[in-house]
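> just coords:
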């Protein structure tokens, strides 16, 4: 860990002013950043500790949705009665993630910004375009069991590791930010993440020094919700494949469907073609197969993660059966 | 045995059976009782001091530096480049004396030294010293090292045909009896299967750590996390070029070892050399990646198992041929066939081990070396044979339960495989097991599996001193360790039972080489070896108390701090003058050759395999063990539960992956090297078969901890087969290995 300076601002406005150097970073729970700093994958000159800011409330909005403070701990969000009752997929996704201790410490905003768990990203002796642009990708041709099969590029095949963000994407969340100049932005989660392309070090739409202050959920969706996570051990393991599903069946026909996927791509994955294959159809295995085909049409395995493609197909079909009752 | 009352040492060489035990005649009533660990409160209050927690005035913090390449030479280390960092004191390297590999357990020589030549990724070549840990870590990460890179061997599959034969040392690598090929050709039913197991890491919670302090007399005190301080001190002395008497190791508490702390690891020598050079105490704690990269691993194996049987299931041949890996300079091999020598009959036998040289961290002993992975193959193959014979796998095992050792023509000291199978089957509900692939609950395929358990029993030369003080309390001291197993507690119970002194009045002093030497903790020999040393010391003290009281030993009863005999009762403290002491000393003898000694047992597992995803979750397990006398029902059970949990990891999750291009460990932390989490460990039960072993030692106990793992993974794997009808022979059984054979969704 490199020596750094430390600030503890009292307000969000002060926090974004404290982020005044290229090497400065916000820290909340620190459940990911501290690990990366110990390994010198991240070497900030300055930490701006936002953990004590007044951003830890969950509030109902007039439109029936929720505004979640960026510092609400994952444990609290998962246990919130409104979340459990109306956004079950989010509660379940949160509880499927990490461990109890980590969830107590991890913040909602920080969870969205988790770095990949690619083995080679964490290994400073390995080439990694995300860590050191232009150095190459050790994961391609290496051991890539947990890495991506969708949205990859020749420069990076990392996955986004969050469970929570997958549910947020299925729920059409909006990310609210504050910039150093005092401007606020509202960014749809669908526009928030970036594909790696030839700049895998750029992972999201945040500008330098921009602080996530809240996450907004729209009014609760109709239909059944499910979060299914497939993993190598029963807890404290990242998803090999996960699915956040919100599907509404009316009069024997799928009226709406919202499906997001973890473990498959560099971002919480959502593909309108999957939902288009379902909406307006009567639930059936053939329809589910078509949705899986739409999801995986462009999937590409890299050797040790090839199994994710059939695994995703099987898991999607089973999940759709559950949520539609078919 | 020396005469009581003369001298202060009571020695026993285990040449003859020892049918009488003071643990049977003692009336204190603590032996076998589920006493809480006496060190428990210290641990849960954070006041048990571990190696990394000692503080000394003027102590410097050391962070080790490992190589970033896997084969070649160190050309130069640019020490000056980091010395300017504020807080950095120095960078210490010693290309000749730093140890390249961790020592093997019990070795009395230095391990391979010399770190200029690089044999594996992460080899420790320097230690950075600073005024704070954080500064040392930063400087260590930035230390420039120039390498001369050469080609290495990183892909086991690519080199598997380039074998060498390890020498037949303490563990013979080769055994042949009769003609397995011929028996296979003539048999009614045969199995010829190859099982593959990956490298593993012990993954003890406490990382390796040493704090080195040079005393004024030129001796070294090393506060370390070590399982076998007596031999560790010898290894350390040899590595540093010191007389053995000049090295003291203190290891009061150890946060798990599982074999990885049997021998000294690189941080000990580096800390000692750095402390000498600086003239200051030095603390060196390995990071988690360094523990994975630079201490010791269990070798990967490829095991061919052949079984030949007649139509009734009676074995005529067993072949168990193992390929394992190690560095080219190291001869240790994973003895995967060791349980196969003892478990089943069959007159034609071939058990061999060959090595493939790899540029990986040294391979050595990890919990139940040999049996832990060897029984995945043997007991998997037995399950295959039962299936082929259409026979209950328990019945198959019972039919091959030999009366005497099938290789040595000597009796077993005690052997209750059949009882362990039968009693376990009844408790587990084995009769509800269905044919493979026929039981389903919703999305889950349910199956049950069984495996035999065997683990060789060892008695190791050990000693312990017991003192009785005038206030009636006692102190037990020895260079024995408690690595989390319960040694503190069971040794106190043995002393309490024989001396009639309540456990609360016994002070335990373990983990210091200034106390009588002991074999320490490893190979599940600790309880029997150090337990016997304590027994012998107490036996002698009992004689002295009888003499002081003027009664026959036969007529003496010791209970609750009182000596009772000849219609008198006297507090023990009043009979010891200024204090009495005795040292017990045991070493193995002829009994080791005249009987074959092992713990036996049976593992039962019920698993659920998700028909959609292939995820396997263990639903329940039962271990049924015959391990001689149980000294503490709680700590013994906990040992077995820990072993069974290791079995779950071995079967389903643990896989130390090397990048075949570079030799680097890909998953060198607890996030990605998957040991079972709490949610993976279901309801587990332990059953002990009532047994005494009079050939093993005077306390009649056999090793227990490793019996809990030996066979456990095989029971899980056999249950996966019973659930799905899919036989996975490449461990761990991760979902991708089942997926393409599961029914379509």
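It's in. All values reported here derive from a predicted model rather than from experimental measurement.
> Any buried residues in stretch B:125-132, and which?
B:125, B:126, B:127, B:128, B:129, B:130 (16 or more other Cβ atoms under 10 Å in any protein chain shown). (Glycine included, C-beta is placed from N, CA and C.)
> Could you do stretch B:43-57 as well?
So, applying 16+ other Cβ under 10 Å, buried residues of stretch B:43-57: B:48, B:50, B:51, B:52, B:54, B:56.
> Quick one: mean pLDDT for it?
For stretch B:43-57, the mean per-residue pLDDT is 96.
> Please apply the same query to stretch B:335-351.
pLDDT averaged over stretch B:335-351 gives 97.
> how long is it from one end to the other?
Start-to-end span of stretch B:335-351 (Cα to Cα, to the nearest Å) is 10 Å.
> Neighbours of residue B:168, how many?
Here the number of neighbours of residue B:168 (other Cβ atoms under 10 Å in any protein chain shown) works out to 11.
> cool, and residue B:738?
Residue B:738: 23 neighbours (other Cβ under 10 Å).
> Could you dump the buried residues of stretch B:43-57 into a markdown table with secondary structure and distance to chain A added?
Formatted as a markdown table, these follow (DSSP: H, G, I helix; E, B strand; the rest coil; distance: Cβ to the nearest Cβ, whole Å):
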| residue | secondary structure | distance to chain A |
| --- | --- | --- |
| B:48 | coil | 21 |
| B:50 | coil | 20 |
| B:51 | helix | 20 |
| B:52 | helix | 16 |
| B:54 | coil | 23 |
| B:56 | coil | 24 |
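> which among the residues you listed gets closest to residue A:23?
residue B:52 (30.9 Å; Cβ to Cβ).
> Spit out the contact partners of the closest one.
With contact set as Cβ atoms under 8 Å, 6 or more residues apart in numbering or on different chains, residue B:52 has these partners: B:206, B:207, B:209, B:211, B:225, B:283, B:285.
> Next one, pLDDT for residue 196 please.
All of this is about chain A. pLDDT, residue A:196: 98.
> hm, I was asking about chain B
Listed pLDDT for residue B:196 reads 98.
> Please name the bridge partners of it.
residue B:302, residue B:730 (DSSP bridges).
> center of chain B, which residue is that?
Per Cα atoms, centre = their mean, the C-alpha nearest to the average position across chain B is that of residue B:367, at 3.6 Å.
> Just want the phi and psi numbers for the nearest residue to that residue once chain neighbours are set aside.
Spatial nearest neighbour of residue B:367, excluding adjacent residues (Cβ to Cβ, 6 or more residues apart in numbering or on different chains): residue B:258 at 4.3 Å. Backbone geometry at residue B:258, expressed as degrees, to the nearest 10, gives phi 50, psi 30.
> got a list of what residue B:258 touches?
Residues near residue B:258 by Cβ under 8 Å, 6+ apart: B:202, B:203, B:204, B:366, B:367, B:646.
> Inside strands: which ones of the residues you listed?
Per DSSP state E, strands hold no members of the contacts of residue B:258.
> Return the member of the residues you listed nearest to residue A:125.
Taking these together and measuring to residue A:125 by Cβ to Cβ, the closest member is residue B:203, at 21.7 Å.
> Run a quick neighbour tally on the closest residue to that closest one other than its chain neighbours.
What sits nearest to residue B:203 in space, not counting adjacent residues and going by Cβ to Cβ, 6+ apart, is residue B:675, at 5.2 Å. When neighbours are counted by other Cβ under 10 Å, residue B:675 registers 19.
> Surely residue B:675 is in a helix?
No. Per DSSP: H, G, I helix; E, B strand; the rest coil, residue B:675 lies outside any helix segment and is coil.
> ok, now which ones touch it?
B:203, B:649, B:653, B:654.
> Columns distance to residue A:204 and pLDDT on top of those residues, output as TSV?
Below are the contacts of residue B:675 laid out as TSV (distance: Cβ to Cβ, whole Å; pLDDT from 0 to 100):
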residue	distance to residue A:204	pLDDT
B:203	34	97
B:649	36	98
B:653	32	98
B:654	35	98
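> Widest-spaced pair of these?
Maximum distance among those (Cβ to Cβ): 11.0 Å, for B:203 and B:653.
> ok, the residue sitting furthest away from the middle of chain B to residue B:251 distance?
Here chain B reaches farthest from its C-alpha mean at residue B:567, the gap being 48.1 Å by Cα atoms, centre = their mean. Relative to residue B:251, residue B:567 is positioned 47 Å away (Cβ to Cβ, to the nearest Å).
> just the strands in chain A please.
Using DSSP E, strands in chain A cover A:5-7, A:24-27, A:46-49, A:58-60, A:66-69, A:174-178, A:184-188, A:211-217, A:224-230, A:241-250, A:253-262.
> What residues sit buried inside the last one?
By neighbour count with 16+ other Cβ under 10 Å, strand A:253-262 contains the buried residues A:254, A:256, A:257, A:258, A:259, A:260, A:261, A:262.
> my guess is the second one contacts residue A:245, does it?
It stands for residue A:256. No. Here residue A:256 does not reach residue A:245: they are 11.4 Å apart, not a contact under Cβ atoms under 8 Å.
> circling back to that earlier point, which of the contacts of residue B:258 fall in helices?
Among the contacts of residue B:258, the ones falling in helices (DSSP state H) are residue B:646.
> on contacts alone, who are the packing partners of the host helix or strand of residue B:622?
Using DSSP states H and E, residue B:622 sits in strand B:616-626. Applying 3 or more Cβ pairs under 8 Å, 6 or more residues apart in numbering or on different chains; DSSP states H and E, we find strand B:616-626 packed against helix B:417-428, strand B:444-456, strand B:598-610, helix B:633-652, strand B:683-688, helix B:712-724.
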